[in-house]
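give me coordinates for this.
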Amino acid sequence: MEQYRTLLEVRFPDDDCQDGPWQRYDEVLDPYYSQAPCSEQVYLDDSEWLPDTIQERAQDDLNEAFDIVIDEQYLARVVLNGSMDVRVRLVEEGLGDTADKVIAVCTPSPEQEARAYLGSALSGYDAVREDLRRRLLQAHRAGVSAEELIRRTATRIEPAEIQGLFEASRLAEAARAVIARWEDPEDRAAVSIGRNNSVLVLLRTSFQQEMNYEDMCRSDGEGYEDCKDGDFWGYKEGVRDAEALLQLLAEHYTVTCGDRPATASDLAPLDPVRWGRVRITPKPGPGQASSMPSP
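All right, here's what the predicted structure looks like:
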């Protein structure tokens, strides 16, 4: 039975902006940090069991890896050095002294390439902009004036957003001090600032709840769809904890979820991945309404 393998390869522009050599992707990057499928996939000619042809599986390998590879290299290499080529070569392994034979070379379509680069540009822009916001906060905490930061970032981020970011940071720090009075040895509560400068309080599961949840999932998901009512892993305990934290927060802030007052169910984590989340704003004075942004 013939044996085939697919090789995921990339090519970067060289220092003269010419096409460099093709390289195996796992030799370009440390494979432990790559989310792309392994650069080398091995297939047997088992078409009698699988309807797809070997060539179709090679194209599938490219389709699965392409967006990931572009994402991983976009900010690191692509923006600075230009577009990167990606391909998958399908090779039939030779027997004995027979050399390997290239059966097919799969390359992305122009539309696939355009979509991948657009997606990476958008996610890269979001990541850089979020990092800029973090750097602004760090600089302001280190003593750089708001006026200088607004001047340095002119045309990149609106002054109102910067001022709102600093206000949200002060509110978040005050909320952390309030939450510190809540008895919670595992530090399950966290405070974060959203992209629109809303201040959010998050609550994750306890270690025991996570263990219970894993045990429930190992039991073929029995009760998974009914976890709230059956409380198979400790959801109701999370609601009780959320209620206590919510009462503490409500003494100092207006606590909402969407456009309504928050409840303990909003703050209680649904599972180890989906944390509970509510928004806090300063309590308005008499006759005033909150001016903080909507989440």
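
show me where the stretch 151-295 of the chain has its helices.
Under the criterion DSSP state H, counting those that start in this stretch, the stretch 151-295 of the chain contains helices at 159-179, 207-218, 227-230, 235-250, 264-267.

got a list of contacts for stretch 174-183?
With CB atoms under 8 Å, 6 or more residues apart in numbering as the test, stretch 174-183 has contacts from 189, 191, 199, 201, 244-245, 248-249, 252-253, 280. Yep, even glycine has a C-beta here, placed from its N, CA and C like the rest.

over to stretch 234-245?
With CB under 8 Å, 6+ apart, stretch 234-245 has contacts from 179, 182, 184, 188-189, 201, 203, 205-206, 208-209, 212-213, 227-228, 231, 264-270, 276.

try 7 Å
When contacts are defined by CB atoms under 7 Å, 6 or more residues apart in numbering, stretch 234-245 is touched by residues 182, 189, 203, 205, 208-209, 212, 227-228, 264-265, 267-269, 276.

buried ones among these?
Buried members of these, scored by 16 or more other CB atoms under 10 Å, are 189, 203, 205, 209, 212, 227, 264-265, 267-269, 276.

farthest pair within those?
A189 and C227 (21.5 Å; CB to CB).

what helix or strand is the residue lying farthest from the centre of the chain on?
What lies farthest from the middle of the chain is D97; by CA atoms, centre = their mean that is 47.3 Å. D97 is part of no helix or strand when elements are defined by DSSP states H and E.

give me every residue that touches it.
If you count contacts by CB under 7 Å, 6+ apart, then D97 has nothing around it.

measure it to L7 for me?
Counting by CB to CB, to the nearest Å, the gap from D97 to L7 is 21 Å.

now swap in K283 and tell me
62 Å.

same check, this time on G234
Counting by CB to CB - G234 and L7 are separated by 48 Å.

so R5 belongs to a strand, correct?
Yes: judged by DSSP: H, G, I helix; E, B strand; the rest coil, R5 forms part of a strand.

and the pLDDT for the residue nearest to it when sequence neighbours are not counted?
Closest residue to R5 apart from its sequence neighbours, by CB to CB, 6 or more residues apart in numbering: V42 at 4.8 Å. Note on V42: pLDDT of 72.

so V42 sits against L7, correct?
No: using CB atoms under 7 Å, V42 is not in contact with L7; the gap is 10.6 Å.

ok so, going back, select only the buried ones of the contacts of stretch 174-183 in ChimeraX?
Selection of buried members from the contacts of stretch 174-183 for ChimeraX, criterion 16+ other CB under 10 Å:
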select :189,191,199,201,245,248,249,253,280
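
can you redo the contacts of stretch 174-183 as TSV with pLDDT?
Below are those laid out as TSV (pLDDT from 0 to 100):
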residue	pLDDT
A189	97
V191	97
V199	98
V201	98
A244	96
L245	97
L248	97
L249	97
H252	96
Y253	97
I280	98
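
for the contacts of stretch 174-183, which one is nearest Q35?
Looking across these and measuring by CB to CB, the closest to Q35 is V191, at 29.3 Å.

and the gap between that closest one and S169?
Taking CB to CB as the measure, V191 and S169 are separated by 10 Å.

check W275 too.
For W275, the distance to S169 - CB to CB - is 21 Å.

now S169. Nearest residue, chain neighbours left out?
In space, S169 is closest to L137, 5.6 Å off (CB to CB, 6+ apart).
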